[in-house]
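Colleague: structure, please.
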Amino acid sequence: MGIIAKQSFYNSLSIALAFLIGAINTVYLYPTYMGSRLQGLVVALLALSNLVQPFISFGVQHAVIKFYSSCDTKAEKDRLLSFSLFLPLLVFSLLLIFTLFFQNQITDFIGSENQEMGKYAYLILAVAFSTALFEVFYNWLRIQLYSVFGNFLKEFFPRALIFTLLLIYAFGGMDLDGFITALILGYYFRLLTVVIYSLIKYTPKFSFALPIQFKSIFRYSLLIFMSGTAASLILDIDKSMISNILTVENVAYYSVAIFIAAVIEFPGRAMFQIISPLVAKALNDKDDLTLLQLLKKSANNLMLVSGLLFLLINLNLNDFYAWTNLGDYTVALEVVLIVSVGKLFTMSMGCLNNIITNSKYYAYVFWFSISSAILAVVLNLYLLPLYGIIGAAYATLIVIVIINVLKILLVQFRFKINPYGWESLLTLGIIILLYFIISKISFEFDPFVSLLLRSILITFAFGCLTYSLKLTIDVQQFIGKFLPFLRKN
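Modeller: Purely as a prediction, here's the structure:
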């Protein structure tokens, strides 16, 4: 098993466990013990911290991946790593001073619609700083091709932390103040852990000297920072706007639906942790063949796996909501289908985003992100009052489709490659066919039994079709390991 497949497999396990625990948090523990109001409060605070985080990291965590493989000596590499650490510390210091000077105004602004938001506003900057530094050290590990433990800390740890704190909260072991404080401390424990682990794997000789490619690195970091800010805005602006235009309860309903739809992305999140440095190396080495192979292979595999998840999620939605007894949360059922279509489209592109980000055309990422952010705000302002949280879902889908099409066109014109082929059309045909056929089949059992039976049917039908059509070598080998009699045929 190659390094991509091996680390992607382990990363997939971490992310799968993370999503499982996240699902328990989102659809059971939060609604049952905190209620939609407090769930919406915590989610909104964490969403705002995600908006602040790019300002602190300033894009240097991505610059590490792009420029590390082009450094010829250890001294050059160490300067790059030192710069990637000291710049966020400098930015955070300036931001902290600004926050202290205007503390009352910032708190009043955040709490203008919800006083509790203002009361716990300190969580936003505290978590943003911890996350920004975590990303820097995590990318130190990725460039050394040690992505597994870092991915575990990135994906699994925060959800396990919230799971533990919610259980303590449920049994009366802490109040909301204690929950917020413990949440912040947990994030800093994660940061300390990744710092120690990354320094064990590779300890640079820290230096205040600027990297030799300082101008290029700073220009890249600046553009990625602005792009990351816009990207974070796209991810979390809908939740913030929902809390202002609608109610904080709707943030909870929408967040549950978005979480369910986001499961489709977990194979990609696992693969991109290890494939991004390899894409950067192929670009730096001008290895066009490897680049094409990485794009095609990642696109085919991700579309297949994400397509199966798309079917499992959307064909079982009613039974899942009934089984989990989510009640009012069912108002967001349609959100799952709408957003998951966009997620599937994104996964079908494979590592195309990594190619753009790590190439000389990275400036386009900024324009894509800015356009996405503006479009997301405009669409949400128009659609939220008309259609509620369903409008937010349509806004998300429209943004995803438009920007993804532009990215595909860019890579096609600049690199003369694209992620699609006959396998992509066949996979899409299988997804559409199975969706419409199985959606007509009704199981009159307990919701959990119906969900289980339908999932078995979907997996079996999807597996047989993809195996018989030989859509990817990796899937053939994976299924063949579990069904050895198929290899004989």
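
Colleague: now for D285, how many residues are close by?
Modeller: 12 (other CB atoms under 10 Å). Backbone N, C-alpha and C define where each C-beta goes, glycine included.

Colleague: list the contacts for the closest residue to it other than its chain neighbours?
Modeller: Spatial nearest neighbour of D285, excluding adjacent residues (CB to CB, 6 or more residues apart in numbering): S69 at 8.0 Å. Shown in contact with S69 (CB atoms under 8 Å, 6 or more residues apart in numbering): I143, P277, A280, K281, N284, D285.

Colleague: between the residues you listed, which sits nearest V27?
Modeller: Closest to V27 out of the contacts of S69 is P277 (34.8 Å), distances taken as CB to CB.

Colleague: what helix or strand is that closest one on?
Modeller: Under the criterion of DSSP states H and E, P277 resides in helix 266-284.

Colleague: quick one: mean pLDDT for that helix?
Modeller: The average pLDDT within helix 266-284 is 78.

Colleague: helices and strands around it, which ones?
Modeller: If contacts are counted by 3 or more CB pairs under 8 Å, 6 or more residues apart in numbering; DSSP states H and E, helix 266-284 sits against helix 3-24, helix 60-68, helix 122-143, helix 148-151, helix 288-314, helix 333-347, helix 352-358.

Colleague: looking at those, which is buried most?
Modeller: Most buried of those by mean neighbour count (mean count of other CB atoms under 10 Å) is helix 60-68; its value is a mean of 25.

Colleague: can you give me the angle that one makes with helix 122-143?
Modeller: With axes from the mean of the first three to the mean of the last three CA atoms, to 10 degrees defining the directions, helix 60-68 sits at 10 degrees from helix 122-143.

Colleague: hang on, the earlier thing: mind putting the contacts of S69 into JSON lines with distance to P447?
Modeller: As requested, the contacts of S69 are exported to JSON lines (distance: CB to CB, whole Å):
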{"residue": "I143", "distance to P447": "46"}
{"residue": "P277", "distance to P447": "43"}
{"residue": "A280", "distance to P447": "46"}
{"residue": "K281", "distance to P447": "48"}
{"residue": "N284", "distance to P447": "52"}
{"residue": "D285", "distance to P447": "53"}
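
Colleague: quick one: which of the residues you listed is nearest to P211?
Modeller: Using CB to CB, I143 is the member of those that lies nearest P211, at 14.2 Å.

Colleague: tell me the contacts of that closest one?
Modeller: Contacts for I143 (CB under 8 Å, 6+ apart) come out as V64, I65, Y68, S69, P277.

Colleague: in what helix or strand does F460 lie?
Modeller: Going by DSSP H and E, F460 is part of helix 447-469.

Colleague: got the CA coordinates for that helix in CSV?
Modeller: Output of helix 447-469 as CSV, limited to C-alpha atoms (Å, rounded to 0.1, in the frame of the first residue of the first chain):
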residue,chain,number,x,y,z
PRO,A,447,-36.8,3.7,11.7
PHE,A,448,-33.5,2.1,12.8
VAL,A,449,-34.3,-1.2,11.1
SER,A,450,-35.4,0.6,7.9
LEU,A,451,-32.3,2.6,8.0
LEU,A,452,-30.1,-0.5,8.4
LEU,A,453,-31.9,-2.5,5.7
ARG,A,454,-31.8,0.4,3.2
SER,A,455,-28.1,1.0,3.9
ILE,A,456,-27.3,-2.6,3.2
LEU,A,457,-29.2,-2.5,0.0
ILE,A,458,-27.5,0.7,-1.2
THR,A,459,-24.0,-0.5,-0.3
PHE,A,460,-24.6,-3.9,-2.0
ALA,A,461,-26.1,-2.4,-5.2
PHE,A,462,-23.4,0.4,-5.4
GLY,A,463,-20.6,-2.0,-4.7
CYS,A,464,-21.7,-4.5,-7.3
LEU,A,465,-22.2,-1.9,-10.0
THR,A,466,-18.8,-0.1,-9.4
TYR,A,467,-16.9,-3.4,-9.2
SER,A,468,-18.4,-4.8,-12.3
LEU,A,469,-17.8,-1.6,-14.3
